[in-house]
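K.L.:
Need a 3D model of the sequence below.
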Amino acid sequence: MKALKRTLSTSLLGVVALALPSEIVAAQGSLALEEVIVTATKRASSLQDVAVAVSALSADMIADNQIIQTADIANLVPSLTVQQGSEPSNSSFNVRGLGTQSFSEGVEPSVATLVDGVVLGRSAMAFGQLPDIERVEVLRGPQGTLFGKNASAGVINFISKRPTESLEADVSLMAIEDGEYRVAGTISGPISSNLAYRLTGSYIDADGWIENVYDGKDYNGHEDKLAKAKLLWTPTDSLEIGYTVDWAESDCKCTVSTAREAEEPSATRLLPVVASEDNNTLNTSTSQTPLSENESIGHAIHIDWQIGDYTVTSISAWRSWDFISSTGLGLLPEDPLGFATTREKEQEQFTQELRLNSPADQYISYVAGLFYFDQTIDSQTNQILELINRDIDSDITVDTANYAAFGEAVVNMSERWRLTIGGRYTNDEIDYKFKRTGSADAIDPAVSDGTDEDDLSGKLALQWDVNNSTMTYVSYAQGYKGPAYSLVQSTDVENLEPIEPESSDAWEWGIKSSLFDNSMSVNLAIFYTDFENFQAEAFVPGATDEEPGNFETTNAGEVSTEGVELDLSWRATENLTIYGGVAYINAEIDDYPDGACSFGQQAEGDPGSCANPPLGTGTQDLSGGDLPHSPDWRLTLNANYLLPLTSMPFDLIFKGNYRWQDEVLFDLSQDEGTIQDSYEILDLAVELRDRDDHYSVVVFVKNAADQDYVTSIRSNNVISFPGGGYAQTVPRLAERTLGLELRYNWF
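P.N.:
Numbers count the residues shown, from 1 in each chain. Just a heads-up that it's a prediction; the model follows:
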């Protein structure tokens, strides 16, 4: 920790120089970094010019780190973490410590994810392969004005490569230790003088790495397929029409947990498996094979029409996402609960965005637009508890419509001062149908209802260009997350009330600078954001004294996040490039009086309010606690060094990625048993690259120091796991892993 603080302090000393005239800072020759263009303000702008905290990952950064899944981008962005659930449908991205805390069909995500400008309606839709990507932009903090829906905590925008006017073709092959293989390829080029295409395909096959000693089978393996086609038509110099169709499918036997801690009698019943922090085996006879299968299809039409100096943009998109999961949660050879759950979900969405961009160089430049979002989710769940002869089916349909008008204007008050004013009006409508059937004592009748809400969110930012290489800004922005319903199997459907929208208010000060003749960029952001009507699980009493109540998604209280972020890019020499960042984030629960107790807290039998039977309804005041999945400190550092081999037709490039993070809590209940200690990961690679960039060979090692770590920890119910204990999710790369990648470009 002390070393990390010294690193931050040293970096901050460099910021003092940012306000000095550029001629005072000694130049180091023509080692200028390549300009990074982002679309964080709905127009192409230099990263160093936008008054928004943005992390931009280029195609080279992604390739250099062998990133092939979207979740892995968190390895390069200190303020971004992944909330790893038991399956994609309850996993999400967290930005600055904030993310989705409820995955009911009637609840929106907290972090918006977009692909080529098209918003994805569910968090799970963002997890998959990442081929043929131009860049990834992570917008930190509320982005309600321009991005609106689901952007109360931040935005992740995936931008894929465009069709090209000249012929391009490439293929890559990757083999990773313990049975993981990947092949991907792209071809792009002209069809005629004004029509171009781009075709991309990718396939991954990975063996399982969690062994069940009961039957010798391996789990958590997966098979992923992806295909994408793009057409770009430019009938005139002022009109550009793009069409994209994509398809992806993923099948896996996941996500299987292992025993991390076990008390008697479960510790003996686990044998020969021994519960530990590095345990990657289990011993279960669960008859239901865990699986997760999803398929997504998307169509999008993107039109840019230049009318004089103005640009009219239209993005029309239809997407679908189908998901099936089957989960047996037992860790022991026999499961006394006889618990099994099967889920099927079908999602369809249509989005339309219409936008007008003015010229950027006039006194008042602006972006104005209209947005429409329509989504339908059909969900069927079957849950079995053999212990109490319970077999329940639930059918849920949720229809969501979102209408918005938005705008953002930049007043160029002088050559060096700019004022940004933005606003968004949003109307949300949500309707649901809920029906339960089965063997419970009392089955509620089918019900349906709905609600609608209006919101006006805004943004105000003042920007000062200190000199030609440094700018600073201060901003206030609001975020909004729409109304919701708690639609889970335990819901008291006859007394269901809508959940109020979640809102956020963010204050941010930032400074961005290019130093040493543009060979170094240093960006600093200091922020504070508070959230009201935080949507999470809390205990809701029954309608009468005789009714026990349930844990439901509700407006649980207030949370906040504050911290400091520092991003660095430096071309130290002609052959050495360094980039990375450090973030200190304090994400806290300010007011949460009726939070849930974990099974682990109940099993401990402390004299507090959690000392209830494991299947009871104990609650606790979580005010002052930490938000989960948010370590206080995270650090990432990457270095690439080119070693020219003048006597050979190729060069060598040495690459390293180091990342460290503080301890992290995995459960909102504040259960200390769900804390992962701090850890550090070192990835190394060496690439042999042809000087004409036709071929390259990369040998890499992930987790070179063989560091054990997990991506989730949860406490076990003492009924299904007598004596109590904890389960964990062990990732494939929680041990040293070797790999080989071959790339070839034809043109």
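K.L.:
What residues of stretch 31-38 count as buried?
P.N.:
Leu31, Leu33, Val36, Val38 (16 or more other C-beta atoms under 10 Å). C-beta here means a position set from N, CA and C on the backbone, and glycine is covered the same way.
K.L.:
avg pLDDT for it?
P.N.:
On average, the pLDDT along stretch 31-38 is 90.
K.L.:
Start and end of that stretch, how far apart?
P.N.:
For stretch 31-38, the first-to-last residue distance is 22 Å (C-alpha to C-alpha, to the nearest Å).
K.L.:
what does stretch 173-182 give?
P.N.:
Its start and end residues considered, stretch 173-182 measures 6 Å (C-alpha to C-alpha).
K.L.:
For that stretch, give me every contacting residue.
P.N.:
66, 68, 172, 183, 202-207, 209, 221, 702, 732, 737-743 (C-beta atoms under 8 Å, 6 or more residues apart in numbering).
K.L.:
Narrow these to those that are buried.
P.N.:
For these, buried by 16+ other C-beta under 10 Å: 66, 68, 172, 202-204, 206, 209, 221, 702, 732, 737, 739, 741, 743.
K.L.:
in the stretch 301-450 of the chain, which spans are strands?
P.N.:
Ranges of strands in the stretch 301-450 of the chain, per DSSP state E, counting those that start in this stretch, are 310-327, 339-357, 364-385, 390-412, 417-438, 447-467.
K.L.:
now those in TSV, with distance to Leu270 and mean pLDDT?
P.N.:
Shown next, in TSV, are the strands of the stretch 301-450 of the chain (distance: least, C-beta to C-beta, whole Å; pLDDT from 0 to 100):
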stretch	distance to Leu270	mean pLDDT
strand 310-327	20	93
strand 339-357	18	91
strand 364-385	22	91
strand 390-412	26	91
strand 417-438	32	92
strand 447-467	43	93
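K.L.:
nearest to Ile585, of those?
P.N.:
strand 447-467 (21.4 Å; C-beta to C-beta).
K.L.:
quick one: strands adjacent to that closest one?
P.N.:
Strand pairing for strand 447-467, using DSSP bridges, gives strand 417-438 (antiparallel), strand 470-481 (antiparallel).
K.L.:
Kindly export it (C-alpha atoms) in PDB.
P.N.:
Provided in PDB are the C-alpha atoms of strand 447-467 (Å, rounded to 0.1, in the frame of the first residue of the first chain):
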ATOM      1  CA  VAL A 447     -51.500 -10.300 -12.200                       C
ATOM      2  CA  SER A 448     -50.500  -7.400 -14.400                       C
ATOM      3  CA  ASP A 449     -49.800  -3.700 -13.800                       C
ATOM      4  CA  GLY A 450     -47.600  -0.900 -14.900                       C
ATOM      5  CA  THR A 451     -46.200   2.500 -14.200                       C
ATOM      6  CA  ASP A 452     -44.600   5.500 -15.900                       C
ATOM      7  CA  GLU A 453     -42.200   8.200 -14.800                       C
ATOM      8  CA  ASP A 454     -40.800  11.400 -16.200                       C
ATOM      9  CA  ASP A 455     -37.400  12.800 -15.600                       C
ATOM     10  CA  LEU A 456     -35.300  15.900 -16.500                       C
ATOM     11  CA  SER A 457     -31.600  15.400 -16.000                       C
ATOM     12  CA  GLY A 458     -28.900  18.000 -16.800                       C
ATOM     13  CA  LYS A 459     -25.200  18.700 -17.100                       C
ATOM     14  CA  LEU A 460     -23.100  21.800 -16.600                       C
ATOM     15  CA  ALA A 461     -19.300  22.000 -17.200                       C
ATOM     16  CA  LEU A 462     -16.800  24.800 -17.400                       C
ATOM     17  CA  GLN A 463     -13.600  24.200 -19.300                       C
ATOM     18  CA  TRP A 464     -10.400  26.300 -19.400                       C
ATOM     19  CA  ASP A 465      -7.600  25.700 -21.900                       C
ATOM     20  CA  VAL A 466      -4.600  26.700 -19.700                       C
ATOM     21  CA  ASN A 467      -2.300  26.600 -22.700                       C
END
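K.L.:
Which positions within that strand qualify as buried?
P.N.:
Thr451, Asp455, Ser457, Lys459, Ala461, Leu462, Gln463, Asp465, Val466.
K.L.:
could I get the residues you listed as CSV with distance to Trp321?
P.N.:
Listed next are these as CSV, based on distance: C-beta to C-beta, whole Å:
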residue, distance to Trp321
Thr451, 24
Asp455, 26
Ser457, 27
Lys459, 31
Ala461, 35
Leu462, 41
Gln463, 39
Asp465, 44
Val466, 46
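K.L.:
so which of the buried ones among the contacts of stretch 173-182 comes closest to Asp651?
P.N.:
Arg743 (14.5 Å).
K.L.:
For the helix or strand hosting the closest one, give me every contacting residue.
P.N.:
Per DSSP states H and E, Arg743 falls inside strand 737-745. Outside strand 737-745, the residues that touch it by C-beta under 8 Å, 6+ apart are 66, 168-178, 693-703.
K.L.:
Recalculate using a threshold of 7 Å.
P.N.:
Residues from elsewhere that reach strand 737-745 (C-beta atoms under 7 Å, 6 or more residues apart in numbering): 66, 170-178, 693-703.
K.L.:
On the three-state scheme, the residue of the chain positioned farthest from its centre is what?
P.N.:
If you look at how far each residue of the chain sits from its centre, by C-alpha atoms, centre = their mean, the farthest one is Ser647, at 44.9 Å. Three-state assignment for Ser647 (DSSP: H, G, I helix; E, B strand; the rest coil): coil.
K.L.:
the helices in the stretch 1-150 of the chain, which residues?
P.N.:
2-16, 59-64 (DSSP state H, counting those that start in this stretch).
K.L.:
ranking those by mean pLDDT, which is last?
P.N.:
helix 2-16 - the lowest mean pLDDT of the helices of the stretch 1-150 of the chain, at a mean of 40.
K.L.:
Give me the helix or strand of the chain that scores worst on average pLDDT.
P.N.:
Across the helices and strands of the chain, mean confidence by mean pLDDT, DSSP states H and E is lowest for helix 2-16: a mean of 40.
K.L.:
Okay, now the unreliable bits of the stretch 551-700 of the chain?
P.N.:
551, 604-609, 611-617 (pLDDT under 70).
K.L.:
ok, which stretches of it are helices?
P.N.:
599-604.
K.L.:
show me what contacts Val699?
P.N.:
By C-beta under 7 Å, 6+ apart, the neighbours of Val699 are Ala685, Val686, Leu740.
K.L.:
what sits against the residue lying closest to the first one once chain neighbours are set aside?
P.N.:
Spatial nearest neighbour of Ala685, excluding adjacent residues (C-beta to C-beta, 6 or more residues apart in numbering): Phe700 at 3.7 Å. Under the criterion of C-beta under 7 Å, 6+ apart, the contact partners of Phe700 comprise Gln66, Asp683, Leu684, Ala685, Gly739.
K.L.:
List the beta-bridge partners for the nearest residue to Leu195 once chain neighbours are set aside.
P.N.:
Nearest residue to Leu195 in three dimensions, chain neighbours excluded: Trp233, at 5.1 Å (C-beta to C-beta, 6+ apart). Note on Trp233: beta-bridge partners Leu195, Ile241, judged by DSSP bridges.
K.L.:
Make 51 the starting number, not 1.
P.N.:
Okay, residue one is now 51; in that scheme the one you just asked about reads as Trp283.
K.L.:
distance of Trp283 from Thr89?
P.N.:
Trp283 sits 21 Å away from Thr89, going by C-beta to C-beta, to the nearest Å.
K.L.:
more crowded one of these two?
P.N.:
Neighbours were tallied for Trp283 and for Thr89 using other C-beta atoms under 10 Å; the higher tally belongs to Thr89 (19 against 16).
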